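K.L.:
Return a 3D structure for these sequence lines:
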Amino acid sequence: MAIRIIPRLDIKGPNLVKGIHLEGLRVLGKPEDFARYYYEHGADELIYMDVVASLYGRNSVLEIVRRASKEIFIPLTVGGGLRTLDDIRKALHAGADKVSLNTAAIQDPQLIRRAARRFGSSTIVVSIEAIKKEEGIYEAYTNNGREETGVDALNWAMRAAELGAGEMLVTSIDKEGTGEGFDIELTRKIAESVPIPVIACGGAGKISHIHDVIQKGKADAVSIASILHYKFIQGATKHGDFSEEGNVEYLKSGRMFSSIQGASLDSIKKNLIERNIFCRFEEIDVLCDSMKLSKPFLGICLGMQLLMSDSDEFGIHKGLNIIDGHVKRFPDFNDKKERIKVPHIEWNKLFFNESIGVEGSILRNFRNGEFMYFVHSHFVKPDAEDITITYTDYCGILYCSGIRKDNLMAFQFHPEKSGSRGVQIYKNFKEIILKGRAQ
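P.N.:
Numbers count the residues shown, from 1 in each chain. Just a heads-up that it's a prediction; the model follows:
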């Protein structure tokens, strides 16, 4: 299993805040301090949630994300107050890789379909905030857990997936901020009912809670806040460099930590590994002419798929036909009749094509089995195997994740969201360009 650990940053105005049951929000500090620390210590993604945006009909977190995207090279998800396609566009332009929809999606479910068609389903995360009722039914809430909807959370999850959501963020309001553990039943019911990845959120108080929601709750990723925030704050206040902001005296008293054992990302990932739960972290004519002139070309994700002859996404469509091959969607089931969750959203390994090798390519000095970040529903099938430089295995399907042909290189993963090793790919590509100019 490739389980993503995703710190969640709840934002109110310029501050990082945290509450219990999504209420009683307390200022903890500057979000950029936490975000930078989590990125440097192995976070797989970050979620920024404006917790009052829906209430006031606006989102104030975009400037925070804009600054973060310039120095944090892992996927960023933004939620809160996004009501229209234009709101989503602005969030993506600010530096978000994905957006989270809750209130607006329940009020207008077709927004999910429109957004998925415009921006791609892997960009759209539907957030479900739920409370368990006496009869055992989970009801979905909106406005950061403030408003009842009368909507059955499980039924809503299935419908949201059918409408095109690429991922689901499931938060138990009952458990959120308590440190008592995740709602395993809620997570499992949704994870077993939808064909897309599910992120469990709300309730982590110790590392064993994370194990439980992965193994028993069938979560594909885990979003955590208090367990990380309080560990960071304890270290920061201990050294006296966290006094500018937040209820420092209250935090120092230790009262907030009574039910939560603070943990670092390093300790969480070490424990998961020890338990065998692995965790990581338009101008077409001009473009074609450039490739024909043997100039170095690097295609990323869709930029790789466009090189093929055709694609079956939303019908059969012609590609640039630079490389003979086809773009196919992942099947719903593998050869073992096991369901495959689509999109493929996770950190996954690169396996080299031993008959080609990577010397002289932008993967030189990379090890077999390096991890990169993937977000896609379709993959390429080149007609000729000798251009495939890397393969990746997803749920038993071994597919081409990297190609190399003359001056062309292309990858299905996102180097810019794959941490320092991903950034190294771009540095290597730059060296190739500069070497060509020198010659």
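
K.L.:
Need the three-state assignment for the residue lying closest to Asn15 once chain neighbours are set aside.
P.N.:
Of all residues not flanking Asn15 in the chain, Val27 sits nearest, at 4.7 Å (CB to CB, 6 or more residues apart in numbering). All C-beta spots, glycine's among them, are computed from the backbone N, C-alpha and C. In three-state terms, and counting by DSSP: H, G, I helix; E, B strand; the rest coil, Val27 is strand.

K.L.:
For stretch 108-128, measure first residue to last.
P.N.:
One end of stretch 108-128 to the other measures 14 Å (CA to CA, to the nearest Å).

K.L.:
Mind telling me what element Gly77 is part of?
P.N.:
Let me fix one detail, which is that residue 77 is Thr and not Gly. strand 76-79 (DSSP states H and E).

K.L.:
Please export the C-alpha coordinates of stretch 96-103 as CSV.
P.N.:
The C-alpha trace of stretch 96-103 is given here as CSV (Å, rounded to 0.1, in the frame of the first residue of the first chain):
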residue,chain,number,x,y,z
ALA,A,96,-3.2,24.8,-5.9
ASP,A,97,-3.0,21.4,-7.5
LYS,A,98,-6.4,20.3,-6.3
VAL,A,99,-9.5,21.9,-4.8
SER,A,100,-11.8,20.7,-2.2
LEU,A,101,-15.6,21.2,-2.6
ASN,A,102,-18.2,20.7,0.1
THR,A,103,-20.9,23.3,0.6
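
K.L.:
Assign a three-state SS to the closest residue to Ser193 other than its chain neighbours, would you?
P.N.:
With CB to CB, 6+ apart as the criterion, Ser193 has its nearest non-adjacent residue at 5.5 Å, and that residue is Met158. Using three-state DSSP, the structure places Met158 in helix.

K.L.:
all numbers from here: first residue = 179
P.N.:
Noted, 179 is the first residue going forward, which turns the last one into Met336.

K.L.:
what comes into contact with the strand holding Thr255?
P.N.:
The contact list for strand 254-257 (CB atoms under 8 Å, 6 or more residues apart in numbering) reads 184, 223-228, 237, 239-240, 243, 246-247, 269, 272-280, 303, 305, 347.

K.L.:
Taking the residues you listed, please make a ChimeraX selection of just the buried ones.
P.N.:
Selection of buried members from the contacts of strand 254-257 for ChimeraX, criterion 16 or more other CB atoms under 10 Å:
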select :184,223,224,225,226,227,228,237,239,240,243,246,269,272,273,274,275,276,277,278,279,280,303,305,347
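
K.L.:
Helix, strand, or coil at Ile242?
P.N.:
With three-state DSSP as the basis, Ile242 sits in helix.

K.L.:
got the phi/psi numbers for the residue lying closest to it once chain neighbours are set aside?
P.N.:
In this structure, Ile242 finds its nearest non-sequential neighbour in Pro209, 5.6 Å apart by CB to CB, 6+ apart. Backbone dihedrals for Pro209, given as degrees, to the nearest 10, come out at phi -60, psi -30.

K.L.:
Touching, Pro209 and Val195? I think so.
P.N.:
No: assessed by CB atoms under 8 Å, Pro209 is found out of contact with Val195, at 9.3 Å.

K.L.:
returning to what we had before: what lies in contact with the next helix or strand after the strand holding Thr255?
P.N.:
Next helix or strand after strand 254-257 toward the C-terminus (DSSP H and E): helix 263-271. Helix 263-271 is touched from outside by 237, 240, 243, 256, 259-260, 277, 289, 292-293, 296-297, 301, with contacts defined as CB under 8 Å, 6+ apart.

K.L.:
go again using 10 Å as the cut-off
P.N.:
Applying CB atoms under 10 Å, 6 or more residues apart in numbering, the contact partners of helix 263-271 are 226, 231, 236-237, 239-240, 243-244, 254-260, 262, 274-279, 282, 289, 292-293, 295-297, 301-302.

K.L.:
What's the end-to-end length of stretch 315-330?
P.N.:
Stretch 315-330: ends 7 Å apart by CA to CA.
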